[in-house]
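Chemist: no sequence on this one, just coordinates:
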């Protein structure tokens, strides 16, 4: 069996799955329950001067029948007295000495940082996570993302912490910044042992159409919150990759953002994370999801022949390049597997209206046909197709040629003028604008339906 | 061996003698036995089901709908929380939108055309979504439509069935004054008098009728049969056009000896009784239903649900040749109905009361049915329901001067305008198409109303 255990910047954990600092890690009760269920570690809900919260704290983004594809909160850090939290940290560590218990911290002055680091250390915390990410409420008080957005201040605070910390220090970064590697490098300069990202993204998840107020609504009003959940994974993955690839960051990364199953976790790991943190999924489905995550990860590792997590940390990084280094000679075109096609024609209308008019319809069949010469290989049809493997993108170049944009620029073959003949669009045709008029109004709503709903004259087909 | 044989006999005895349903004696029991096949969706179910719709381009479901409802549009509207807009989309194409959602043979229409079928995935429950949206506006009474500006012209509509009411709505929208004359006491025709009770309730049917009348404001006169030349002359003089939505008549006589025996009834009449009087309708212990169409399936199912111990569906030809939709036969089989094929009734036997049906076996050769000489047998029963088609209202139609009927007694009318050979008369529905679904009548009547408008606007 593969070994799931990790040693993350000196913090040991039986598996890479940690609960992120958030409501699920508010108490020793919850964390013990999570460890009992199989979680490898937990980052305690941020300790500091206890806060007072508002009622109505979370908002959700539902997509069609799927609930909480996105989630946001306006809750602040722990509202429990520090002494209570520290006592419980001690209790959890006694009961689970091999699990990772990390104290998330957020205070203001150097003295406060020193005090809280020392006290958490004494309570038995295996490490610290400095919360420089919270994008609501706390940042307005000069903490959280207000620090994460100011690399100099971030570095200074890390330095304060390092003055007293005897356990590994992780700096949690905010994504509410143009270049995530700036604060990551500041963390390194300050002497931090690792970084974790991403914290939540500043957001408004929705507006109530009747109350004219953003969610979540507090007495008719709302405020921006922190966005998380499955929807943020792509943003998180990109930022994890940015930090993992940056030559001056070189710190272990705890990946956070949109992880709810083993697959999401593996993606984070392949892009450089060596531990992962989960919050929204645990808030949605409970701690029980860990069983699927660990077994899924294990199965993946068995199938790939990986013995430890470190066999594949960052394994996808060499394949993530700047756009200018991609091979422009590589060519795929869409291929509709007729026997699988159910005739929804979503590929047709997607290509027709949203891409390059490279799919046509033929009489007497609902199976569309790819116009090979116009297919630019954009993938859109295969993405909208509701049938598994019905549209495949198949390679059509012979694989012998390799040419990048960078090379073209260097060779002077890249288009440089407004009407340059070397423009990519010269290689496929575009219909005449007027050919669009009336072309398929009768199809988006068939003629019969038009007649019954009162439109008596059908548009003439041009 | 002996035990096995005994067991088989016992099983046969049980399956023969135990009714599928207990005879309902209260309205509550009736509702249980006749539970709705397409029950109402709640908002959550509608959200889940509407989420599955792919929003096909050139959607096959629209093309399969005789009334051309823009189905992907209304499903998308439901999904985005615009149930009112969804109902508007439906009603713009079909005034019987709510009823059609429940009574349409969606399995062979919209849902049968759903592309999911090709993937062996359950098609979208279009019918139930349609009823969901329309039920919401009916219950809220929201005003979606209204009469057009009065144009000073008037049309008489004979028959308040799906054709007549649909024509009335469309004509009102076009600004006509409309009076609807109905022989029976309630509107909606076979929707309230002829559809199986497990497909739609009387309350649902009539609620839609009330909603439409409130929206469009046509006049209705119930218990007002038109059956003389004098009455027709009066209408001809008073109205600019007359719409015939008269449907079909009574069940065809078979011309068999003993057809007048007590407990030998027509399916149309039986179902009309059932729709009006529910559990108060008596059914035999052993019922034979004659026929192989959808009405025969309904009558057989209904007999079983009323507590008949045994229901036999007797059809002249082979099972595969039945006119009924496969799902309708499955429905009947599901409630214990047994098929008896290749038998033709010769005589209803009994002394005053039905005691059985004498059949002769038949065989089909080269598409022709012939009787097998000497193969007569009597199948005992205490009730016979004839589901052998409805007669045309030829006698009445002959009162209209110059009105042409085709060889099957159907009104001949222009396919696009519904205008008959007597230019003042227009027709739609069963009397024109020979007997089809509610949705066909609703669709035809909409076109015919426009035909009337075109004729009167000349």
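Modeler: Cool, the structure landed. Please read all numbers here as calculations on a predicted model, not as lab measurements.

Chemist: any stretches of the chain with poor pLDDT?
Modeler: Looking at chain A here, since you left the chain open. A:442, A:447, A:455-462 (pLDDT under 70).

Chemist: right idea, wrong chain: chain B
Modeler: B:1-18.

Chemist: next, count neighbours for the nearest residue to residue B:198 once chain neighbours are set aside.
Modeler: Setting aside the residues directly before and after it, residue B:198 is nearest to residue B:34 in space (Cβ to Cβ, 6 or more residues apart in numbering or on different chains), at 4.6 Å. All C-beta atoms are positioned from the backbone trio N, CA, C, and that covers glycine. For residue B:34, the count of nearby residues is 22 (other Cβ atoms under 10 Å in any protein chain shown).

Chemist: so what's residue B:34 up against?
Modeler: With contact taken as Cβ atoms under 8 Å, 6 or more residues apart in numbering or on different chains, residue B:34 is in contact with B:24, B:196-198, B:302, B:305.

Chemist: among the residues you listed, which pair sits farthest apart?
Modeler: B:24 and B:196 (14.7 Å; Cβ to Cβ).

Chemist: so residue B:84 sits against residue B:134, correct?
Modeler: No: judged on Cβ atoms under 8 Å, residue B:84 makes no contact with residue B:134 at a distance of 10.3 Å.

Chemist: near residue A:153, how many other residues are there?
Modeler: If you count neighbours by other Cβ under 10 Å, residue A:153 ends up with 16.

Chemist: could you do residue B:227 as well?
Modeler: 12.

Chemist: mind checking which of residue B:84 and residue B:134 has more residues around it?
Modeler: Set residue B:84 next to residue B:134 and count neighbours by other Cβ under 10 Å: residue B:134 wins out with 29 against 15.

Chemist: tell me which element the nearest residue to residue B:259 once chain neighbours are set aside falls in.
Modeler: Using Cβ to Cβ, 6+ apart and skipping the chain neighbours, the partner closest in space to residue B:259 is residue B:348 (5.7 Å). Taking DSSP states H and E as the criterion, residue B:348 maps to strand B:343-349.

Chemist: distance from that strand to the middle of the chain?
Modeler: Mean-position distance between strand B:343-349 and its chain equals 27 Å (Cα atoms, centre = their mean, to the nearest Å).

Chemist: repeat that for stretch B:308-320.
Modeler: Distance of stretch B:308-320 from its chain centroid, counting by Cα atoms, centre = their mean, is 20 Å.

Chemist: excluding its backbone neighbours, what's nearest residue 453?
Modeler: Since you didn't name a chain, this refers to chain A. residue B:92 (4.2 Å).

Chemist: oops, wrong one, chain B.
Modeler: Per Cβ to Cβ, 6+ apart, closest to residue B:453 is residue B:174, 4.8 Å.

Chemist: can you pull the contacts of that neighbour?
Modeler: B:148, B:151, B:449-450, B:453.

Chemist: domains for the chain, by residue range?
Modeler: Just so you know, I chose chain A. A:6-318, A:323-430, A:437-462 (automatic domain parsing).

Chemist: you answered for a different chain; I wanted chain B.
Modeler: Taken from automatic domain parsing, chain B resolves into B:43-140, B:154-249+B:392-456, B:264-386.
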